[in-house]
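*Asks:* Any chance you could fold what I've pasted below:
(one chain, ligands or ions: 2)
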Amino acid sequence: MITIDNIHKSYLMGKEAVPALRGVSLEIAQGEFVCLMGPSGSGKTTLLNIIGGLDEPSRGHITIDGQNLVAMSENELAHLRLHKMGFIFQNYNLLANFTAQENVEAPMVLAKANRKERRQRALTLLEKVGLADRAHHYPSELSGGQQQRVAIARALANHPTILIGDEVTGDLDSETGLAIMRLLASLNAEGMTIVFVTHDARMAEFAQRVIHISDGKLMSDNGKAHDR
Ligand SMILES: Nc1ncnc2c1ncn2[C@@H]1O[C@H](COP(=O)(O)OP(=O)(O)OP(=O)(O)O)[C@@H](O)[C@H]1O
Ligand SMILES: [Mg+2]
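*Replies:* Ligands and ions are numbered 1, 2, ... in the order given. Below you'll find the predicted structure:
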């Protein structure tokens, strides 16, 4: 469902091009649970952002469910991000002045869901992540692990097919981090495609497939062995 074909990405710093990805090719099938690992600066976030339609490659192609991202307009990409992708970040990125429920509703407001539908779905999702009793709490009234669970509920709001996470357990203690990974594993077991980045080998163990990237290139991919 995700096909990445010889992607290069360079960032222009003044007159100098800084290479972040140097010829990455990769296929990710629906329902896979994929972990990206590699040293700082190796291009992990760049690759995630390209998969998520947040950034575009300098060269190469990426298709998601047969749709060519490189050919899409900014509007089409925004539509794809809103409806197909769920994003989770290290620092949760919740809106501070909104309750947990309102944060989960936010993407549904953008998708123009009606109020009743939004409310119901937000409560269902908060229940799913174990926070039914925290719907009216503000982010500052929640623990780090709870905030991340709200962020996961929010990422699921518009029924995405792909969940993308960058260092989602990076700010959490290991017990809480493991609980978040168990939650992601349960979503994967329901069929969600998940691609995440971590530095932590214990978190990587939850994935079925671990891809190592170094200096903008794939170094190893244990998924290759299964002839995908
Ligand atoms: N917006 C940008 N402008 C210029 N250079 C960038 C930009 N974003 C990333 N880079 C460069 O691209 C390379 C890859 O960065 P990237 O953020 O993808 O690394 P990473 O593997 O996610 O690292 P980390 O583990 O530290 O998060 C780095 O050399 C970085 O300096
Ligand atoms: Mg990064």
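*Asks:* contacting residues for V150?
*Replies:* Residues near V150 by Cβ atoms under 8 Å, 6 or more residues apart in numbering: Y92, L94, A100, N103, V104, L126, V129, L131, R134, P139, L142. Every residue, glycine included, has its C-beta placed from N, CA and C.
*Asks:* what's near enough to touch V210?
*Replies:* V210 sits next to V34, C35, M37, A204, S220, D221, N222 when contact means Cβ under 8 Å, 6+ apart.
*Asks:* how about the helices in the chain?
*Replies:* Along the chain, counting by DSSP state H, helices occupy 44-51, 74-84, 100-110, 115-128, 144-155, 174-189, 201-204.
*Asks:* For beta bridges, what are the partners of R59?
*Replies:* Assessed by DSSP bridges, R59 has beta-bridge partners H8.
*Asks:* How about the contacts made by it?
*Replies:* R59 neighbours (Cβ under 8 Å, 6+ apart): N6, I7, H8.
*Asks:* And the second one, how far from I194?
*Replies:* This means I7. Distance of I7 to I194, given as Cβ to Cβ, to the nearest Å: 20 Å.
*Asks:* pLDDT weak spots in this protein?
*Replies:* Along the chain, the model assigns pLDDT under 70 to residues 224-228.
*Asks:* near ligand 1, which residues of it?
*Replies:* Contact residues (Cβ under 6 Å from any ligand atom) of the chain with ligand 1: Y11, M13, V18, A20, G38, S40, G41, S42, G43, K44, T45, T46.
*Asks:* run the last query once more with 5 Å
*Replies:* Counting by Cβ under 5 Å from any ligand atom, the chain comes close to ligand 1 at Y11, V18, A20, S40, G41, S42, G43, K44, T45, T46.
*Asks:* What is the neighbour count of E167?
*Replies:* Neighbourhood size, E167 [other Cβ atoms under 10 Å]: 19.
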